[in-house]
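>>> pasted the sequence and its predicted model underneath.
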Amino acid sequence: MTDEFKGQREKVTRRRFLRMGLLGAAPMIVPGAAWAAMRVATPQPAAAASSRALSFYNLHTGERLRTVYWEKGRYIQGALDEINYILRDFRQNEIKPIDRSLLDLLVTLRERLHSNENYEVISGYRSPVTNAMLHAGSEGVAAHSLHMDGRAIDIRVPGRSLSVVRAAALSMRLGGVGYYPGRFVHVDTGRVRWW
């Protein structure tokens with residue numbers, strides 16, 4: 001081994017060591033909310049999978065969908081359109097694109113739950129009109145809910161208790177998790193928080 005190669009190897013090792021130290025210290029240096037936001041931006045669903053699929057049952061409309069929305073390293077627009085439709089605001093019949101990170105979060109959650117069941121959808125996208133109506137009738141609905149941005153969904157998973165769904169969603173630390181016992185679990189791609 002030449003002296004030049006040894007010197008390069010030591011530099012790389014030193015550099016790698018310093019980088020690992022900085023990454024390890026980052027949670028202590030970076031404010032909690034900023035660190036959480038950085039983590040939210042990078043969900044890791046099905047890292048080794050060549051495709052990502054989801055299935056939904058909309059409890060309000062009776063519609064069902066099972067689709068592969070990501071394959072061979074890219075999102076499939078036709079499948080995304082189908083998802084946007086089934087998760088539309090059924091009260092106003094209004095469609096908005098659903099955040100792709102939310103879809104990836106749902107794939108990761110399903111893997112954590114070891115389930116292939118349909119997500120039972122209570123609420124996906126909400127138009128401003130619908131959100132204002134729900135907000136007026138309940139303290140549990142935010143004035144500007146992430147549902148209005150296509151970044152939140154209220155769900156149940158057949159065969160899994162709501163407390164198990166909640167625990168799995170919380171363990172992922174990929175966004176907000178709301179728990180409504182006997183009704184549903186809310187997940188979103190906002191900052192990491194829970195209620």
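Nice, thanks for sending it over. Numbers count the residues shown, from 1 in each chain.
>>> list the residues that contact R64.
Contacts for R64 (Cβ atoms under 8 Å, 6 or more residues apart in numbering) come out as 55-58, 86, 118. To be clear about C-beta, it is placed using only N, CA and C from the backbone, and glycine gets the same treatment.
>>> cross those against strands and list the overlap.
Secondary structure defined by DSSP state E assigns 55-58 of the contacts of R64 to strands.
>>> which of those are buried?
By neighbour count, with 16 or more other Cβ atoms under 10 Å, those hold 56-58 as buried.
>>> per-residue confidence at S50?
If you check S50, the pLDDT there is 89.
>>> same question for the one 3 residues further on.
A53 is assigned a pLDDT of 98 by the prediction.
>>> so how far is S51 from the closest residue to it other than its chain neighbours?
Spatial nearest neighbour of A53, excluding adjacent residues (Cβ to Cβ, 6 or more residues apart in numbering): V68 at 4.6 Å. To S51, V68 is 5 Å away according to Cβ to Cβ, to the nearest Å.
>>> backbone dihedrals for L105, please?
As for L105, its main-chain torsions (degrees, to the nearest 10) stand at phi -60, psi -40.
>>> what sits closest to M133 if chain neighbours are left out?
Once flanking residues are discounted, M133 sits nearest to R91: 7.9 Å by Cβ to Cβ, 6+ apart.
>>> is it correct that that neighbour is in contact with T130?
Yes - counting by Cβ atoms under 8 Å, R91 does reach T130; the two are 4.9 Å apart.
>>> which of those two has more neighbours?
Ranked by neighbour count (other Cβ atoms under 10 Å), R91 and T130 place T130 first, with 20 against 13.
>>> going by secondary structure, the more buried one is in what exactly?
Secondary-structure assignment from DSSP states H and E places T130 in helix 128-137.
>>> which phi and psi does the residue nearest to A53 have?
According to degrees, to the nearest 10, V68 has phi -90, psi 120.
>>> do the one 3 residues further on as well
Reported as degrees, to the nearest 10, the phi and psi values for E71 are phi -150, psi 140.
>>> quickly list what it is bridged to.
With DSSP bridges as the criterion, E71 is bridged to S51, R74.
>>> quick one: residues contacting the residue nearest to S145 when sequence neighbours are not counted.
Spatially, and ignoring its direct neighbours in sequence, S145 is nearest to N131 (5.3 Å; Cβ to Cβ, 6+ apart). By Cβ under 8 Å, 6+ apart, N131 lies in contact with 141, 143-145, 147-148.
>>> what distance do you get for the most centrally placed residue in the chain to S123?
Centroid-nearest residue in the chain, with Cα atoms, centre = their mean: L105, separated by 2.9 Å. Distance of L105 to S123, given as Cβ to Cβ: 16 Å.
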